[in-house]
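S.K.: mind folding the following:
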Amino acid sequence: SQLLVDTEDLISGTIRVIATYALLKEWTNRNGSVVPGQVVYVVSNDDNDYDNGGFFVFIDNNLSKEVPGIKMKHTKITGHWARINYKDINVKWFGVIDDPAIDNGPRIEAALDYGAEVNKKVRFPSFSRKIICKSSIKVPSNTTIVGDNTHIHCITPAYALFNIIGKSNISISNLTLDGG
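M.R.: As a prediction, the model looks like this:
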């Protein structure tokens with residue numbers, strides 16, 4: 001379930017602002033704890049990419065599985081942070097970057113799997129350079145992929161960037177794909 005956050009709370013200082021994911025994972029109040037339901041705003045990921053920011057709520061139970069940028073274990077106390085108030089899954093939350101030395105295939109696949117699991121669109125925001133993939137990406141059924149005129153370059157000997165064999169109900173828009 002999504003909690004609604006009033007932006008007036010952020011402006012008035014009711015909601016704590018934290019700079020990065022790394023700081024979020026270890027943040028506590030002055031008493032060394034975090035109140036269940038505490039909402040914070042994270043400005044960016046650890047690489048200062050401000051498209052990764054967002055609201056998180058603290059849940060006081062152990063997390064069975066971390067999901068990068070969505071659900072993160074607290075490093076000091078029992079509990080985890082969960083992203084709230086988001087419409088689409090952003091591939092940047094899963095570590096997708098426009099560094100030509102990085103194979104983003106596994107990161108994109110993880111974002112697509114999570115998007116299908118929670119029934120949300122997977123968004124590729126604009127990047128300053130091409131996103132590189134060195135392997136074919138398995139796309140689950142019932143997946144919607146939306147780009148912001150994003151360019152993905154596949155440098156794999158595979159036959160297809162997106163592997164949709166045996167899958168259905170897949171929609172892709174506003175992406176430029178090329179290979180070779």
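
S.K.: at which residues are the strands of this protein located?
M.R.: For the chain, applying DSSP state E gives strands covering 16-18, 39-42, 54-59, 71-73, 80-84, 89-90, 122-124, 131-133, 137-138, 143-154, 162-163, 170-179.

S.K.: need the contact partners of the last one.
M.R.: In other words, strand 170-179. Contact with strand 170-179 is made by 124, 139, 141-156, 161-162, 164, as judged by Cβ atoms under 8 Å, 6 or more residues apart in numbering. For every residue, glycine as well, the C-beta is placed using N, CA and C.

S.K.: roughly how far is stretch 135-153 from the heart of the chain?
M.R.: Per Cα atoms, centre = their mean, to the nearest Å, the displacement of stretch 135-153 from the mean C-alpha position of its chain is 14 Å.

S.K.: quick one: contacts for the closest residue to residue 63 other than its chain neighbours?
M.R.: Leaving aside its chain neighbours, residue 63 sits nearest to residue 80 (3.9 Å; criterion: Cβ to Cβ, 6 or more residues apart in numbering). With contact taken as Cβ under 8 Å, 6+ apart, residue 80 is in contact with 58-59, 61-63, 66, 71-74.

S.K.: can you pick out the most distant pair from these?
M.R.: Using Cβ to Cβ, the pair of the contacts of residue 80 lying farthest apart is 58 and 66, separated by 14.8 Å.

S.K.: of the two, which one has the most company?
M.R.: Remark: of residue 58 and residue 66, residue 58 carries more neighbours, 21 against 12, as counted by other Cβ atoms under 10 Å.

S.K.: separation between the more buried one and residue 164?
M.R.: Distance from residue 58 to residue 164, counting by Cβ to Cβ, to the nearest Å: 38 Å.

S.K.: distance of the residue nearest the centre of the chain relative to residue 15?
M.R.: Among the residues of the chain, the one closest to the centroid is residue 93, at 2.4 Å (Cα atoms, centre = their mean). For residue 93, the distance to residue 15 equals 20 Å [Cβ to Cβ].

S.K.: elements contacting the biggest helix by length in the chain?
M.R.: Counting residues, the longest helix in the chain under DSSP state H turns out to be helix 105-118. Where contact means 3 or more Cβ pairs under 8 Å, 6 or more residues apart in numbering; DSSP states H and E, helix 105-118 is packed against strand 89-90, strand 122-124, strand 131-133, strand 137-138, strand 143-154.
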